[in-house]
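A.B. asks: Pasted the sequence and its predicted model underneath.
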Amino acid sequence: MRTTPLLGILSILFLLSCKTEPKKVEQKEVQQKTILEKIAQAHGYDNWKSVKEFTFTFNVDRDSSHFERTWKWNPKTNDIMAISSGKDTLSYNRKSMDSTSFKTNAGFINDRYWILAPFNLIWDSGNFTYEHAESQKAPISGTPMQKLTIVYGNDGGYTPGDAYDFYFKGDFIVREWVFRKANQVEPSMITTWEDYAEIKGLKLAQDHKKAEEGFSLNFTNLVVTTD
């Protein structure tokens, strides 16, 4: 009969030990974003997955001359309609191209790059090397900015071996860039990235200008259709 109180005390001690045992906290490793991801996401890359049609007109204005061509692109199916300045149209799918559509597609790749280059940092990441500098003087404004240099591989694509220097501030929005054909030291072209518009969560630079007046590579008729 004397064992009953002892059993009760042991039971209470056991319950107290269970209550005071510290809980194990699972620590999830936080994966740091790369500079490529930071730039792409600053321009709305996470919203691209909802885009089912992307329409834009690529314009080049030099002094009194004007050139334009319009594209309608379904990124989910890769169907493209090309509309020239003379209103001639060509429809094709990028998965199945003949010699005519292959030549036209080179224009699409060029024009799309000017408007969506920040997204190409993700799409093309397996086909280039890159370097990131914390502070470099931007070529047009002279403002200290971060600089990302990418150099494409020599195999495949329409412009193998080309290099691009992206200049941006702490918000990771591209402000200026340099194109260097075949990774040559001297710039092939230097322009701004300006007049940003936000459409369906995408931040798109509508205008690119050189330091000299009389040149504007710009985009009009921007339409983004989402699911």
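C.D. replies: Happy to help now that I have it.
A.B. asks: List the residues that contact the nearest residue to residue 144 once chain neighbours are set aside.
C.D. replies: Nearest residue to residue 144, sequence neighbours excluded (Cβ to Cβ, 6 or more residues apart in numbering): residue 135, at 5.1 Å. Bear in mind the C-beta positions are built from the backbone N, C-alpha and C, glycine included. By Cβ atoms under 8 Å, 6 or more residues apart in numbering, the contact list for residue 135 reads 144-146.
A.B. asks: same check, this time on residue 145
C.D. replies: 135-138, 167-169, 175-176.
A.B. asks: residue boundaries of the strands in this structure?
C.D. replies: 51-62, 65-74, 79-84, 89-93, 128-137, 144-152, 163-168, 174-180, 189-192, 194-199, 202-209, 215-226 (DSSP state E).
A.B. asks: quick one: which of those strands is nearest residue 30?
C.D. replies: Among the strands of the chain, strand 128-137 comes nearest to residue 30, with 19.9 Å by Cβ to Cβ.
A.B. asks: Among the strands of the chain, which comes closest to residue 119?
C.D. replies: Comparison of the strands of the chain against residue 119 by Cβ to Cβ identifies strand 202-209 as nearest, at 8.7 Å.
A.B. asks: could you point out where the protein is predicted with low confidence?
C.D. replies: 1-29, 156-157 (pLDDT under 70).
A.B. asks: so where's the longest helix in the chain?
C.D. replies: helix 99-123 (DSSP state H).
A.B. asks: Give me the distance between the nearest residue to residue 186 once chain neighbours are set aside and residue 127.
C.D. replies: Ranked by Cβ to Cβ, 6+ apart and with sequence neighbours excluded, the top spatial neighbour of residue 186 is residue 180, at 7.3 Å. Using Cβ to Cβ, to the nearest Å, residue 180 is found at 16 Å from residue 127.
A.B. asks: my guess is residue 168 contacts residue 39, does it?
C.D. replies: Yes: under the criterion of Cβ atoms under 8 Å, residue 168 makes contact with residue 39 at 6.6 Å.
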